[in-house]
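Peer 1: Sequence and predicted structure below; questions after.
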Amino acid sequence: MMYSFSAPRSKRIISGEIRLALFFFMISIGMVVLAYGFLTYRTQQFDEQRKSFGKDIKQLEHSKREIEKRILLIESAVKKSEEISTNNMVMKESIHNLFDLVPDNITLNKADLDKKSLILYGVTPNKDAYEFMLQAPLKSIFHRTYTSFYPIENGWYNFVSTNYLEDESVTEVQE
């Protein structure tokens with residue numbers, strides 16, 4: 001007796017639906033494994049870049065310190081240059097003022113100018129002309145003034161005038 005109109009088929013262990021589900025499951029697992037591999041690879045690259053950036057940062061910090069040292073050196077050189085320029089301007093003005101002090105009938109042969117002293121060598125027609133026209137202004141500027149006269153054959157006098165400024169720091173300590 002036959003209870004079925006269709007012929008019997010052989011049964012498989014894995015059916016078509018299960019095969020399809022296993023296929024998609026394998027594809028999903030493959031995609032997860034590939035994504036994990038890709039992310040692991042990129043993580044290693046980022047770690048290498050981070051280490052490289054760390055080395056670059058240390059090198060840049062070292063360069064920054066060297067540049068700061070150079071800047072300090074240049075700033076000190078600029079400050080020294082400005083100081084020298086200022087001293088030169090003061091010296092120029094002092095020399096200009098000195099020549100303005102000298103009257104027309106007194107001739108200077110030589111002038112030695114230091115920070116605290118002035119030595120003048122020159123020729124004057126007589127001692128009184130020197131004392132009234134040049135020594136009086138020099139005495140108002142300098143603390144100590146010494147002058148020596150040497151007569152010349154034509155009746156004029158050679159003179160050496162030594163003028164000193166007192167060092168205020170020394171006088172304050174002595175008092």
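Peer 2: Okay, I see it.

Peer 1: which helices and strands sit right next to the top helix by length along the chain?
Peer 2: Taking DSSP state H as the criterion, the chain has its longest helix at helix 16-101. Judged by 3 or more CB pairs under 8 Å, 6 or more residues apart in numbering; DSSP states H and E, the packing partners of helix 16-101 are strand 107-113. To be clear about C-beta, it is placed using only N, CA and C from the backbone, and glycine gets the same treatment.

Peer 1: domain parsing for the protein?
Peer 2: 17-101, 104-174 (automatic domain parsing).

Peer 1: Turn those domains into a markdown table, including mean neighbour count and distance to residue 6.
Peer 2: What follows is the domains of the chain, written out as a markdown table (neighbours: other CB atoms under 10 Å; distance: least, CB to CB, whole Å):
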| stretch | mean neighbour count | distance to residue 6 |
| --- | --- | --- |
| domain 17-101 | 10 | 20 |
| domain 104-174 | 14 | 128 |
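
Peer 1: Find the centremost residue of the chain, please.
Peer 2: residue 71 (2.7 Å; CA atoms, centre = their mean).

Peer 1: how close does that residue sit to residue 160?
Peer 2: As judged by CB to CB, to the nearest Å, residue 71 and residue 160 stand 50 Å apart.

Peer 1: Check residue 116 too.
Peer 2: Taking CB to CB, one finds residue 116 at 18 Å from residue 160.
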